[in-house]
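S.K.: Turn this into a model:
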Amino acid sequence: MEFPVEKFWRDVLAQDRTALPKWFAPEARIHWHCTQERFTAEEFIRANCEYPSQWEGQVQRELWAGDTLVTVTHVYEKGGAVSCHVTSFFRFQEGKILSLDEYWADDGPPPLWRQAMDVGEKFYD
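M.R.: Next comes the predicted model:
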């Protein structure tokens, strides 16, 4: 199956309330596991579009695993301090998103205990 994931993320990042509904099946459910939230498509769109800042970002990875699309996307506020990576698992019904499971992680330095170990190195900016 083909899915225009770059276009989907462009609509999400643009907080395009008009374009986003077309991506979802009527019974779609979205799960944000890190905060233990579940949304309908309408609630997801509202939460995304009413976020009090604007987003930018880019899809960094895309992989099909059977009927599941997995993406890793760097999402950050325009001119802001918030930067995250989100791993998303998409399942589809008739070309529309039926379920979307997301894991959002805040970008930042390693915790102090690991910095004190003097292990690893920064691998990108």
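
S.K.: Mind checking which residue lies nearest the centre of this protein?
M.R.: Residue closest to the average C-alpha location in the chain (C-alpha atoms, centre = their mean): residue 86, at 4.4 Å.

S.K.: Next, the contact list for that residue, please.
M.R.: Listed by C-beta atoms under 8 Å, 6 or more residues apart in numbering, the contact partners of residue 86 are 72, 73, 75, 102, 103, 104, 105. From N, CA and C alone the C-beta is placed, and that goes for glycine too.

S.K.: For the residues you listed, which two are the farthest from each other?
M.R.: Maximum pairwise distance in the contacts of residue 86, criterion C-beta to C-beta, is 12.3 Å, between 75 and 103.

S.K.: Of those two, which one has the most company?
M.R.: Neighbour count, other C-beta atoms under 10 Å: between residue 75 and residue 103, residue 75 has more, with 19 against 14.

S.K.: As a check, name the ranges of all strands in this structure.
M.R.: 24-32, 37-40, 55-65, 68-77, 83-93, 96-106 (DSSP state E).

S.K.: show me where pLDDT drops low in this protein?
M.R.: Across the chain, the ranges flagged by pLDDT under 70 are 124-125.

S.K.: how deep is the residue lying closest to residue 24 once chain neighbours are set aside tucked in, by neighbour count?
M.R.: Nearest non-adjacent residue to residue 24, counting by C-beta to C-beta, 6 or more residues apart in numbering: residue 41, 3.6 Å away. By other C-beta under 10 Å, the residues close to residue 41 number 21.

S.K.: related to what we said a few turns ago, could I get the contacts of residue 86 as CSV with distance to residue 61?
M.R.: Listed next are the contacts of residue 86 as CSV, based on distance: C-beta to C-beta, whole Å:
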residue, distance to residue 61
72, 4
73, 8
75, 14
102, 14
103, 13
104, 15
105, 14
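
S.K.: Of those residues, which is the most crowded?
M.R.: residue 73 (23 neighbours).
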